[in-house]
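> requesting a structural model of the entry that follows:
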Amino acid sequence: MDPAVLVALMAAAAVLLMVYGLFGGRRVSPTERIEQVAIAATEARNRDEPSGAKSLRERLFGGRTVAAADRAVSQRDWGSSMARDLARADLQLRPSEYLAIRVAAVIGAPVVTWMLGQTILPGLGNPLALLVAVVLGWWVPRFYVGRRKAKRLQAFNDHLADTITLVANALRAGASFLQAIELVVRETQPPISTEFNRVIREVNLGLPFEQALANMVRRVRSDDLELMTTAITIQHQVGGNLAEILDSIAFTIRERIRIKGEIRTLTAQQRMSGYVVAGLPIFLVVVLSIIAPQFMEPMFGPPEVVGIPLGVISLALGAIMMVIGFLAIRRIVDIEV
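Residues are numbered from 1 along each chain as shown. You can find the predicted model right below:
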């Protein structure tokens, strides 16, 4: 198949997927909509744009078009999930903007790869390179968001024990729990202050306090935070000394962090081995395709099986086996505490 035709088909498929995502699918429930309102309020505060300011996207496409795209995305189940992922990653992007970035990457990556293959890097003009470009174009934005989420969650967990101790000391000083939460918002740094401020905003919107805490657990997805909110909910139902309970939880969290650090140190070599084993074959294929494309050309010629070159099938099977091996190594060294 002509590479230009292949690129055009990939671009058309990406556009069709975006259109289907905008105008098809299930609508969100009222409960999910309440959480979206709280998230939108926090995002509006974080953007801190001056009155009358317009984004570049609004200037290019018009305010009504932008608003319609935002509503179409936010009313889908995957749109609300995407909004939570962006909030967890602390990215000042609307779901429609993030979707547009991914679609543009899917279209632009193979186009750029094909242009390079026709000019300065002939080894990039083969179908395998275009396919890899499409996969990377779709995967890299998601990988970036995932990394931001992981770093933010790590920062949250690293300071959660100190935050719990701060709340316990405020309770001993005679403050109510909401006053202690407000103290956390004032005295701590993001992401701790951002999430607890969102709890206060949701309570002000009319949500029960327990539901606001549950929403924070769903956004952050932290086992330590879930332990804290469960203890607070039980204490509100049956009573008890909340300050002492929180001190015990803070001690448990600190011990868990210490043990996790020791485990990461002991398994560092094995984790690095997994990255090397998975990345080295891909690196060699890319290098050979660029500096010596004649070595890779037999992989895309005869013999063929059901119209697919046998070399492409071999590369696909090898890639699948590498992914399985990489996931197996990750599973072995991923020790839960």
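> low-confidence stretches in this structure?
1-78, 121-126, 128, 306-307, 337 (pLDDT under 70).
> make it 50
Counting by pLDDT under 50, the low-confidence segments of the chain come to 1, 18-34, 42-54, 56, 59-62.
> max-length helix in it?
The single longest helix within the chain, with elements called by DSSP state H, is helix 127-172.
> by contact count, what packs against it?
Contacting helix 127-172 under the criterion 3 or more CB pairs under 8 Å, 6 or more residues apart in numbering; DSSP states H and E are the following elements: helix 3-23, helix 77-88, helix 95-118, helix 177-187, helix 192-204, helix 223-238, helix 242-266, helix 310-333. The way it works is simple: take the backbone N, C-alpha and C, and place the C-beta from them, glycine included.
> out of those, which gets nearest to residue 278?
Comparing those against residue 278 with CB to CB, the closest turns out to be helix 310-333 (4.0 Å).
> can you pull the buried residues of stretch 133-148?
Judged by neighbour count (16 or more other CB atoms under 10 Å), stretch 133-148 contains these buried residues: 133-134, 136-138, 141, 145, 148.
> need the helices and strands packed on helix 127-172 in TSV (columns: mean neighbour count).
Conversion of these to TSV gives the following (neighbours: other CB atoms under 10 Å):
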stretch	mean neighbour count
helix 3-23	15
helix 77-88	20
helix 95-118	19
helix 177-187	16
helix 192-204	19
helix 223-238	16
helix 242-266	15
helix 310-333	14
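> tell me, what residue is most central in this structure?
Residue closest to the mean C-alpha point of the chain, counted by CA atoms, centre = their mean, is residue 146 at 3.2 Å.
> tell me which of the helices and strands packed on helix 127-172 lies nearest to residue 156.
Minimum separation from residue 156 across these (CB to CB) falls at helix 192-204, 6.2 Å.
> now do the closest one against helix 77-88, angle only.
Relative orientation of helix 192-204 versus helix 77-88 (axes from the mean of the first three to the mean of the last three CA atoms, to 10 degrees): 130 degrees.
> return the list of helices and strands in contact with helix 192-204.
Taking 3+ CB pairs under 8 Å, 6+ apart as the contact cut, helix 192-204 packs with helix 30-47, helix 127-172, helix 177-187, helix 209-220.
> number of residues surrounding residue 205?
The local packing of residue 205 (other CB atoms under 10 Å) involves 13 other residues.
> separation between residue 238 and residue 324?
When CB to CB, to the nearest Å is the yardstick, residue 238 and residue 324 sit 48 Å from each other.
> give me the number of residues near the closest residue to residue 236 other than its chain neighbours?
On the basis of CB to CB, 6 or more residues apart in numbering, the spatially nearest residue to residue 236 that is not a chain neighbour turns out to be residue 210, at 7.1 Å. Around residue 210 there are 13 other residues, counting by other CB under 10 Å.
> correct me, but residue 210 touches residue 235?
No - with contacts counted by CB atoms under 8 Å, residue 210 stays clear of residue 235, the gap being 11.1 Å.
> hang on, the earlier thing: quick one: which of the helices and strands packed on helix 127-172 is nearest residue 283?
Taking CB to CB as the measure, these were each checked against residue 283, and helix 310-333 came out nearest at 11.8 Å.
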